[in-house]
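# quick one, fold the following:
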Amino acid sequence: MSVALLPLAVFAASQIGTPGPANLALMATGARFGLRAALPFVAGVALGKQLIIWPVGFGLMELAETAPAVFTTLKYVSAAYIIWLAWKVANLRLGGRDTKATVPGFAAGLVVHPLNPKAWAMIVGSFTAFVGPDTSALTATATIAAVLLACQLVMHPLWTLGGQAIASTVAGTRAEPYLMWTLAALTVASVLFVLFLGGS
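Purely as a prediction, here's the structure:
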């Protein structure tokens, strides 16, 4: 097999199943609005990763080598955006009804992964670690796209459902602000890890 399918699947599951900006955004959305209302957002988040996978598979990494400053700038801009989202999560309160609050939709979910440094690192790692040198770009890209999407379709709803379950137990309690600040801190930590320790 030109793509190491089983190791890729294990890697994908470990990355997609662990805390990161996307999963914490899903959890916060599930906590605030519930899984059913958040499903369009969940679908957008899952499909948004495809917006990175296919360009990377068909030569974006070559462009990164010729114009590294552009990609470095994008990386830090994306990190700043995720940290801003973390600030919003920190100040989000699950209890009560905010009539001005609207459920983030499909389009909002679609941009989460393109602005997520962890997603970029995961995808680049998938291509560099599990694809044989003789593999066509189409085969490699389609395989990685399918494996990552399959993992997302299982794990993203679980993170959203987890947020809904948490909300049912802590909403309106003294623990609520501490929980939201913890989630925000984990989001920032995951971004900083990728920026300074986890590669591109």
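# please report phi then psi for the residue in the chain sticking out farthest from the centre.
Distance to the chain centre peaks in the chain at residue 134, reaching 29.7 Å (criterion: Cα atoms, centre = their mean). The phi/psi pair for residue 134 (degrees, to the nearest 10) reads phi -90, psi 10.
# go ahead and confirm it touches residue 2.
Yes. Between residue 134 and residue 2 there is a contact under Cβ atoms under 8 Å: 6.2 Å. Using the backbone N, CA and C atoms, a C-beta is placed for each residue, glycine as well.
# follow-up on the earlier one: contacting residues around the residue farthest from the centre of the chain?
Applying Cβ atoms under 8 Å, 6 or more residues apart in numbering, we find residue 134 in contact with residue 2.
# now it: how far from residue 166?
In this view, residue 134 and residue 166 are 47 Å apart by Cβ to Cβ, to the nearest Å.
# and stretch 4-19, what's buried?
With burial defined by 16 or more other Cβ atoms under 10 Å, the residues of stretch 4-19 counted as buried are 4, 8, 11, 12, 13, 15, 16, 17.
# need these in CSV (columns: pLDDT and secondary structure).
Output for these, formatted as CSV (pLDDT from 0 to 100; DSSP: H, G, I helix; E, B strand; the rest coil):
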residue, pLDDT, secondary structure
4, 87, coil
8, 90, helix
11, 87, helix
12, 89, helix
13, 90, helix
15, 82, helix
16, 90, helix
17, 86, helix
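# circling back: distance of the residue farthest from the centre of the chain relative to residue 9?
For residue 134, the distance to residue 9 equals 21 Å [Cβ to Cβ].
# again, but for residue 44
23 Å.
# grab the most central residue of the protein for me.
Using Cα atoms, centre = their mean, the most central residue of the chain is residue 22, at 3.0 Å.
# my guess is that one meets residue 113, correct?
Yes. The pair residue 22 / residue 113 is scored as a contact, 6.0 Å apart, by Cβ under 8 Å.
# between the two, which contacts overlap?
Shared contacts of residue 22 and residue 113, counting by Cβ under 8 Å, 6+ apart, come down to 45, 119.
# neighbours of residue 49, how many?
27 (other Cβ atoms under 10 Å).
# now do the same for it: its pLDDT.
The model reports residue 49 with a pLDDT of 95.
# name the helix or strand for residue 152, please.
In this assignment (DSSP states H and E), residue 152 forms part of helix 137-170.
# pLDDT on the next helix or strand after that helix, on average?
The helix or strand immediately downstream of helix 137-170 is helix 175-196, counting by DSSP H and E. For helix 175-196, mean pLDDT rounds to 75.
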